[in-house]
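Participant: Show me how the following folds:
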Amino acid sequence: MPLLTLPTGRLLLASTVGPLGVGIVWLLVGGFLCSPETGLTGLWSGIVVAAVGVVADLLMTPWRPRPVTSWMNRWILHSILRIGGTIGLVILLYFASSPDPANLLFSYLACFLVGLAWGTGVWTESLRKSGRQTARSQQAE
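Facilitator: Below you'll find the predicted structure:
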């Protein structure tokens, strides 16, 4: 079974730039069109999603070579950590600052889904490349 490492830099980039980008857009658009509180809620959502994403990425130790099957199990665990961690922190953020619930929910979902989609792309691209290399090496034999 071939060993695989995941691109740590790209995973961290996907976990930070996507959610923070959405949070900054929410800050600018919501801050100008609605209120500064609306904009800040989006920025805080982006920060929470990015922070939990980075922690989940680092806990997976993507720089260590592992079998592909092990990465599939870790991907599921990674997703559970991100979902549970972000929901827990967003609930704490809600009770600590009492923002508008709809604003908090939609800003969180926007930030989370962008980070999730980008991170999934990084994971699947690496796994797909490994599968192609394995298939080519088996055909050559």
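Participant: Now the helix or strand hosting residue 122: average pLDDT?
Facilitator: Residue 122 is part of helix 101-140, with elements assigned from DSSP states H and E. For helix 101-140, mean pLDDT is 85.
Participant: From the contact counts, what lies against that helix?
Facilitator: strand 3-4, helix 8-33, helix 36-59, helix 68-97 (3 or more CB pairs under 8 Å, 6 or more residues apart in numbering; DSSP states H and E). Placement of C-beta: from N, CA and C, glycine included.
Participant: any idea which of these is most buried?
Facilitator: helix 36-59 (a mean of 21; mean count of other CB atoms under 10 Å).
Participant: Output the contacting helices and strands for that one.
Facilitator: Right, helix 36-59 is packed against helix 8-33, helix 68-97, helix 101-140 by 3+ CB pairs under 8 Å, 6+ apart.
Participant: Just the C-alphas of stretch 120-133, formatted as CSV.
Facilitator: C-alpha atoms of stretch 120-133 as CSV (Å, rounded to 0.1, in the frame of the first residue of the first chain):
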residue,chain,number,x,y,z
THR,A,120,-12.3,19.0,0.3
GLY,A,121,-10.8,20.0,-3.0
VAL,A,122,-7.3,19.8,-1.5
TRP,A,123,-8.0,16.4,0.2
THR,A,124,-9.6,14.8,-2.9
GLU,A,125,-6.9,16.1,-5.3
SER,A,126,-4.2,14.5,-3.3
LEU,A,127,-6.0,11.2,-2.9
ARG,A,128,-6.9,11.2,-6.6
LYS,A,129,-3.3,11.7,-7.6
SER,A,130,-2.2,8.8,-5.3
GLY,A,131,-4.9,6.5,-6.9
ARG,A,132,-3.7,7.3,-10.4
GLN,A,133,-0.1,6.6,-9.5
